[in-house]
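> quick one: sequence and predicted model below, then my questions.
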Amino acid sequence: MASGNNSARNNTRKRNTTGTGQQTPRRNDKPHGSKKARRIAAKQAPKKPVSVRKEQPLPEVLEYRVGMNVQDLAKLLHRDATEIIKKLFLLGVVTNQNQSLDEDTIEVLAADYGIEAQQKAEEDVADIDRFFDDETIDEAALVPRAPVVTIMGHVDHGKTTLLDYLRKTNVTAGEAGGITQHIGAYQARLNDKLITFLDTPGHAAFTEMRARGANITDITILVVAADDGVQPQTIEAIDHAKAAGTPVIVAVNKIDKEGANPEQVMNQLMAYDLVPEEYGGDTIFVKISAKMGQNVDQLLEMILLEADVLELKADPTQPARGSVIEARLDKGRGPVSTVLVQQGTLRVGDPIVVGNTYGRVRTMTNEKGHDVEAATPATPVQITGLNEVPLAGDRFLVMADEKTARAAGEARAKRAREEVRNASSVVTLDTLFNTMAEKAMKTVPVIVKADVQGSVEALTGSLKKIEVDGVRVDVVHAAVGAINESDISLAEASSAIVLGFNVRPTPFAKSQANNDKIDMRFYSVIYDAIDDVTAAMKGQLEPVYEERVIGQIVVKELFKFSKVGTIAGASVEEGKITKDSKVRIVRNGTVLFDGELASLQRGKDAVNEVKFGYEFGFTVNKFNDIQPGDEVEAYIMEEVKPK
Ligand SMILES: Nc1nc2c(ncn2[C@@H]2O[C@H](COP(=O)(O)OP(=O)(O)OP(=O)(O)O)[C@@H](O)[C@H]2O)c(=O)[nH]1
């Protein structure tokens, strides 16, 4: 049996439950329980256990865990459970075989047997991540497994078409009929070899799962339409795959279309280190038509070839562990989750901890809705039987018994509630110098977003030149546009700082960054950004002023006056605006202007302040291009004391 199995099964810290009806002797009652119990116990002198088996003497030390029940203790003491129940009864504790006992009761019991009690070092039952370490894997038990593939690419380049084509033509469960359901993943077959496809195209989903610890993709298929070439999300996909360290196979799609130019795609991608084999590189390119199915088999062949190179293996003999691909609440069936088994074999009836919840696998079905009894590595299955809905990317682990699974799930839920955020994994400019030392960082990961390509390049170029004591800046991703949720996911997964140049975050990205405590910095002068990053790396970042956003405003309409010019009519959607506010005018996520208010008025009257919910008019110094729909951020600069 595999070593991982043993460690998983042994991971049985019991819950410290004092079940109903159980009486706990007070600590100072030691060693013989209540007065009454002592009296009764004294009557039994000379003290002699009821049914001593000669060949099984008492242990010298009772090594126990809090929460063990009478049966567990009976085994350790080599005594009958009934004897222990009796003994406890005489000590004033009414219990049964399955009842968990607390520390005091166990110690009193040991003392009554005349032996020492020692609590075993606590294993961290909530830490299921350690079962995903490579050390827990038994090399001898490894067998080849199917590769797990994610398809990424720019909008409309054909990800869904490719997934649908594969599902229709190559899905294995199709053998027995049934209608394919979207469960988040499926397996395709070529020449009796399986490939697991994650059916959730999208970079944010991919990276969000990774941020939660689930590194399940082995190979990324980058779909690029031959009639459209490399586009912003193509680059985003490349950066996400690079950050995850997965090899990329390029599927140049839509070659059936007029105007398709696969060679151009190949040339463009060389700039991103994806060099085709025929040009001397090592990236596999396959020219396909997802719509017609042309060369799709060749793509599958290439995936299998790459999988061979990667020597993907897993041990099917251990208790299963893996990751959640997607999960939802079903009205009839309760929490329904698609999980991917990564090691071991998952079976119906298995007690399981999943993320911060737990349960027992009640039903297990494949992508055709057929019941399956067991799922081996790289197999996606939909399971029911969990107490709550887990999150995509949560890890799962099969436990020795339901009690342990429950203890682990509850401990994890509690920890998640307490732990607002593991601050040590967050990298911020303010704490960069210390973090660099603590983590012996060789590079400082940053993500760059800017309003125009020229700025992206200028900023990226300058950042790459920074070097402080051998530490350099690693630009994980750089692109034009507002900071979006995909950027924040990538920042979280890569512990990166986000630098925005003349751009702002989308509202969703902003709240996600807030939750994840991602450090976003905004600049309108490249030199300032370079200066900040360099200073932070040297431990010399001492912000003197920090901006504080005090209000969000939306421009509703324009009033043109011949004498005073154009006044913008607006309403305060959040916070307030004051006469001395600075304003930042944002259109489609891009900062158009950053400057000062010239006037603030309600009706015809100049005012010092307009509060939330009110409409007002304003003009801005040196900016006349305000449009209805523009968003205005009102902010003030506050002095920050150097740390
Ligand atoms: N001619 C041709 N059209 C294709 C091919 N693959 C996809 N299309 C078409 O391109 C359009 C977009 O394809 P999708 O598969 O929806 O693209 P997607 O990448 O999944 O797009 P999003 O889900 O929006 O990101 C659809 O109209 C498809 O029919 C192809 O190989 N040849």
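Thanks, I have the structure now.

> this structure against the ligand: which residues are in contact?
Within the chain, the positions lying close to the ligand (CB under 6 Å from any ligand atom) are 153, 155-161, 201, 253-254, 256-257, 289-291. From N, CA and C alone the C-beta is placed, and that goes for glycine too.

> for the closest residue to the ligand within the stretch 451-600 of the chain, grab the count of nearby residues.
When scored by CB to the nearest ligand atom, the stretch 451-600 of the chain has residue 486 as its residue closest to the ligand, at 12.5 Å. By the measure other CB atoms under 10 Å, the count of residues near residue 486 is 25.

> need the CA coordinates for the host helix or strand of it. CSV is fine.
Under DSSP states H and E, the secondary-structure element containing residue 486 is helix 485-494. These are the backbone C-alpha positions of helix 485-494, laid out as CSV (Å, rounded to 0.1, in the frame of the first residue of the first chain):
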residue,chain,number,x,y,z
GLU,A,485,-10.5,40.7,-12.7
SER,A,486,-8.3,38.5,-14.7
ASP,A,487,-5.3,40.8,-13.8
ILE,A,488,-6.2,40.5,-10.1
SER,A,489,-6.5,36.7,-10.2
LEU,A,490,-3.1,36.6,-11.9
ALA,A,491,-1.7,39.0,-9.4
GLU,A,492,-2.9,36.8,-6.6
ALA,A,493,-1.6,33.6,-8.1
SER,A,494,1.8,35.2,-8.9
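
> run a quick neighbour tally on residue 605.
Residues lying near residue 605 (other CB under 10 Å) number 7.

> what's across from it in the sheet?
Note on residue 605: beta-bridge partners residue 602, judged by DSSP bridges.

> swap in residue 294?
With beta bridges defined as DSSP bridges, residue 294 has these partners: residue 289.

> and the residue of the stretch 301-450 of the chain closest to the ligand?
At 16.2 Å from the ligand, residue 326 is the closest residue in the stretch 301-450 of the chain, using CB to the nearest ligand atom.

> find the nearest non-adjacent residue to that residue, please.
If you skip the residues right next to it in sequence, residue 326 has residue 184 as its closest partner in space, 3.9 Å away by CB to CB, 6 or more residues apart in numbering.

> now the one you found: how far from the ligand?
Computed as CB to the nearest ligand atom, to the nearest Å, the residue 184 to the ligand distance reads 15 Å.

> scan this protein for its longest helix.
In the chain, taking DSSP state H as the definition, the longest helix is helix 402-418.

> quick one: mean pLDDT for that one?
Averaged across helix 402-418, the pLDDT comes to 81.

> pLDDT weak spots in the chain?
Within the chain, the segments meeting pLDDT under 70 span 1-55, 121-126, 128, 130-137, 170-180, 201-205, 212-213, 417-426, 540-545, 639-643.

> show me it divided up by domain.
61-119, 140-314, 321-421, 432-540, 544-640 (automatic domain parsing).

> now do the end-to-end distance for the shortest one.
What it means is domain 61-119. 10 Å (CA to CA, to the nearest Å).

> any idea how far the closest residue to residue 633 other than its chain neighbours is from residue 608?
Across the structure, with CB to CB, 6+ apart as the measure, the residue nearest residue 633 apart from its sequence neighbours is residue 584 (4.4 Å). Noted for residue 584: a distance of 20 Å to residue 608, by CB to CB, to the nearest Å.

> which one's more surrounded, these two?
When residue 584 and residue 608 are compared for neighbours, residue 584 comes out ahead with 21 against 8, by other CB under 10 Å.

> contact partners for that one?
In this structure, residue 584 makes contact with 504, 591, 593, 594, 632, 633, 635, judged by CB atoms under 8 Å, 6 or more residues apart in numbering.

> one more time with 7 Å
591, 594, 632, 633, 635 (CB atoms under 7 Å, 6 or more residues apart in numbering).

> next, the buried residues of the helix or strand where the second one lies.
In the assignment (DSSP H and E), residue 594 maps to strand 590-602. Within strand 590-602, the residues that qualify as buried by neighbour count (16 or more other CB atoms under 10 Å) are 590, 591, 592, 593, 594, 597, 600.

> do the same with stretch 617-628
Those would be 617, 618, 619, 620, 626, for stretch 617-628 by 16+ other CB under 10 Å.

> ok so, going back, tell me the helices and strands packed up against the helix holding residue 486.
Using 3 or more CB pairs under 7 Å, 6 or more residues apart in numbering; DSSP states H and E, the elements in contact with helix 485-494 are helix 203-211, helix 232-244, strand 443-450, strand 471-480, helix 507-516.

> following element in sequence after that helix, please.
Tracing the chain past helix 485-494, the next element assigned as helix or strand by DSSP H and E is strand 497-501.

> partner strands of that following strand and their direction?
Taking DSSP bridges as the criterion, strand 497-501 sits next to strand 443-450 (parallel), strand 520-523 (parallel) in its sheet.

> so what's the backbone phi/psi at residue 82?
When read as degrees, to the nearest 10, the backbone of residue 82 gives phi -60, psi -40.

> and it, how far is that from the ligand?
Relative to the ligand, and taking CB to the nearest ligand atom, residue 82 is found at 65 Å.

> then residue 185?
Separation of residue 185 from the ligand (CB to the nearest ligand atom) stands at 16 Å.

> so what's that residue up against?
Under the criterion of CB under 7 Å, 6+ apart, the contact list for residue 185 reads 196, 197, 198, 199, 325, 338, 340, 380.

> hmm, try it at 8 Å
Neighbour list for residue 185: 196, 197, 198, 199, 200, 325, 338, 340, 367, 380 [criterion: CB under 8 Å, 6+ apart].

> and for residue 506, the neighbour number?
Counted with other CB under 10 Å, the neighbours of residue 506 add up to 17.

> let me know the angle separating the strand or helix carrying residue 250 from helix 232-244.
Secondary structure from DSSP H and E places residue 250 in strand 248-253. Strand 248-253 and helix 232-244 meet at an angle of 160 degrees, taking axes from the mean of the first three to the mean of the last three CA atoms, to 10 degrees as the criterion.

> what's strand 248-253 packed up against?
With contacts defined as 3 or more CB pairs under 8 Å, 6 or more residues apart in numbering; DSSP states H and E, strand 248-253 has these neighbours: helix 159-170, strand 219-225, helix 262-270, strand 284-287, helix 296-310.

> one more pass at 10 Å, please.
Secondary-structure packing of strand 248-253 (3 or more CB pairs under 10 Å, 6 or more residues apart in numbering; DSSP states H and E): strand 148-153, helix 159-170, strand 219-225, helix 232-244, helix 262-270, strand 284-287, helix 296-310.

> distance from it to the middle of the chain?
The chain centroid and the centroid of strand 248-253 are separated by 26 Å, computed with CA atoms, centre = their mean, to the nearest Å.

> tell me the strands beside that strand, with direction?
Under the criterion DSSP bridges, strand 248-253 sits next to strand 219-225 (parallel), strand 284-287 (parallel) in its sheet.

> comparing those strands, which comes out most buried?
Using mean count of other CB atoms under 10 Å, the stretch among those with the largest mean neighbour count is strand 219-225, at a mean of 26.

> adjacent strands (with direction) for the strand or helix carrying residue 397?
If you go by DSSP H and E, residue 397 is part of strand 395-398. Partner strands and pairing direction for strand 395-398 (DSSP bridges) are strand 321-330 (antiparallel), strand 351-354 (antiparallel).
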